[in-house]
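generate coordinates for the sequence data below:
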Amino acid sequence: MERKGNRRQAQRSQAAVLRVCGEVPCSPMRESTIATRRLQCAHMKATRLFTLPFLISFVANFLQVFAFNLFLQLSGFLKNLGAAEAKIGFILSIASVAGLAIRPLIARVMDTRGRRIVILSGGVLNILVCSLYLTIEEIGPWLYVVRILHGCSQAMLFSALFTLAADQVPELRRTEGLTFFGVSGIISISLGAKISDQIVANLGYTQLFVIAACCAALSLAMCSFLRDVRLDYAEEERRGFRAALVQLDLRPIWFVGSAFAFVLAGTFMFMKTFVMQAGLANMSAFFTPYTLAAVAPRLLLAWLPERVGPKRVLFGALGILVVGLLFLSSVVSEHDLFVAGCFLGLGHGYVFPILSSLVVNRAPVPDRGSAMALYTAIIEVGQLLAGPILGTLIERSSYTVMYRTNAVFLLVSAIAYFFWDRGRR
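Coordinates of the predicted model:
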């Protein structure tokens, strides 16, 4: 009896295994349960956000953006070499010119050979460039060469890492995923400003450039673990950089993105000289609240654009940026600088990832690399125009006039974008 019972139990277990594997018919209810569980597992896998490649990209981007943000001190370095605001703006803009010039090549390589080769090449160049700042002793041709190379390395890394992140995140959670990924860059702004203040005050600009080169090297080490994401499309479907530039539903994004980049570049480029003139302690009084305000909604409310609608949140964030610029125009104390940083950080926290998601969703998959390269290029356009224009405006008027002009410009641009892009998702 005992042997017969054990045999029946074994038969039941075997039958259950076979039913789960689909080799023996199950009851309708059991089949429904198994099918539901399989669908749930497949959905969870398809919408999983925090994968190992995504986290590696996050860390690599943090390190390279941190190295870049250490150069928020560069305007002070150039001022010590004898450059005035307009000259500083021109020198800083040279990197943007180089970044724009190389963007079509970056786009073509990303779409034909993958994102990884661009990331690794840009990482090697970034280490070299950060080291070359150690050789600069005066305002001259060599400084311009270094700035050109720096613009190329940043264009390569910025474009390729962001495009790879867009490839890695699930389509159903794209805005949320890019919002989280952007945290890696936002955090580095505060840390870069705060730590660079301490480095320059205690060690000098030489050590600042050495530390930037070390961070660039660590970023390259992390990038070596990254691999391209396979995307399914036919070769003949690829249109290229120029097609992305003139695509009808992307034009409004290029417009408002350029306006956003212009005012942001003006804020970042001249923050060092602004706090020096205002007699305030350091840049961290602005960049620390800026970072906290930008990161908090990304971590706690990353789902908001998907639930409410990305463009609704976008318009609200642009309005917050306008308020922040008006606060910045009337700063007289560190408390005022803190409040301005909160408003500007909160607005930035949503504008950039929402625009990124709109670009990825509207661009055809074969042209995603070109579209993202073009999107990151608008940041270079903002810096290219903001440097000399706003530097000259500051010299001929004041920082107050510059920030208020930016507030009006962004408000008008947001209204124009509202009517231009109306009816599109």
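
wouldn't residue 213 be in contact with residue 132 here?
No: between residue 213 and residue 132 there is no contact under Cβ atoms under 8 Å: 9.2 Å. C-beta: built from backbone N, CA, C; applies to glycine.

below-threshold pLDDT in the stretch 151-300 of the chain: ranges please.
Of all residues in the stretch 151-300 of the chain, those with pLDDT under 70 make up the ranges 231-241, 281.

and stretch 66-85, how far from the chain's centre?
Relative to its chain's centre, stretch 66-85 lies at 22 Å (Cα atoms, centre = their mean, to the nearest Å).

my guess is residue 310 meets residue 176, correct?
No: using Cβ under 8 Å, residue 310 is not in contact with residue 176, being 10.5 Å away.

show me the contacts for the residue nearest to the spatial centre of the chain.
In the chain, the C-alpha closest to the average C-alpha coordinate belongs to residue 182, at a distance of 4.9 Å (Cα atoms, centre = their mean). Contacts for residue 182 (Cβ atoms under 8 Å, 6 or more residues apart in numbering) come out as 298, 349, 352-353, 356.

out of the residues you listed, the closest to residue 413 would be?
For these, the closest approach to residue 413 (Cβ to Cβ) belongs to residue 352, at 15.2 Å.

just give me the neighbour total for the closest one.
The tally of other residues near residue 352 (other Cβ atoms under 10 Å) stands at 24.

ok, back up a step: and the contacts of residue 182, which of them are buried?
Restricting these to buried positions leaves 298, 349, 352-353, 356, with burial counted as 16 or more other Cβ atoms under 10 Å.

quick check: residue 78 vs residue 136, distance?
The gap separating residue 78 from residue 136 is 9 Å, by Cβ to Cβ, to the nearest Å.

of these two, who's got more company?
Counted by other Cβ under 10 Å, residue 78 and residue 136 do not tie: residue 78 has more neighbours, with 22 against 18.

and that one, what element?
Element membership of residue 78 [criterion: DSSP states H and E] is helix 74-80.

same for that helix, what does it pack against?
Applying 3 or more Cβ pairs under 8 Å, 6 or more residues apart in numbering; DSSP states H and E, one finds that helix 74-80 contacts helix 85-113, helix 271-278.

so for residue 258, which of those helices sits nearest?
Nearest of the helices and strands packed on helix 74-80 to residue 258, taken as Cβ to Cβ: helix 85-113 at 11.7 Å.

what inclination does the next helix or strand after that closest one have with respect to helix 85-113?
Once the chain leaves helix 85-113, the next helix or strand it forms, by DSSP H and E, is helix 116-132. Here helix 116-132 runs at an angle of 150 degrees relative to helix 85-113 (axes from the mean of the first three to the mean of the last three Cα atoms, to 10 degrees).

in helix 116-132, which residues are buried?
Neighbour counts over helix 116-132 (16+ other Cβ under 10 Å) mark 116, 118-123, 125-127, 129-132 as buried.
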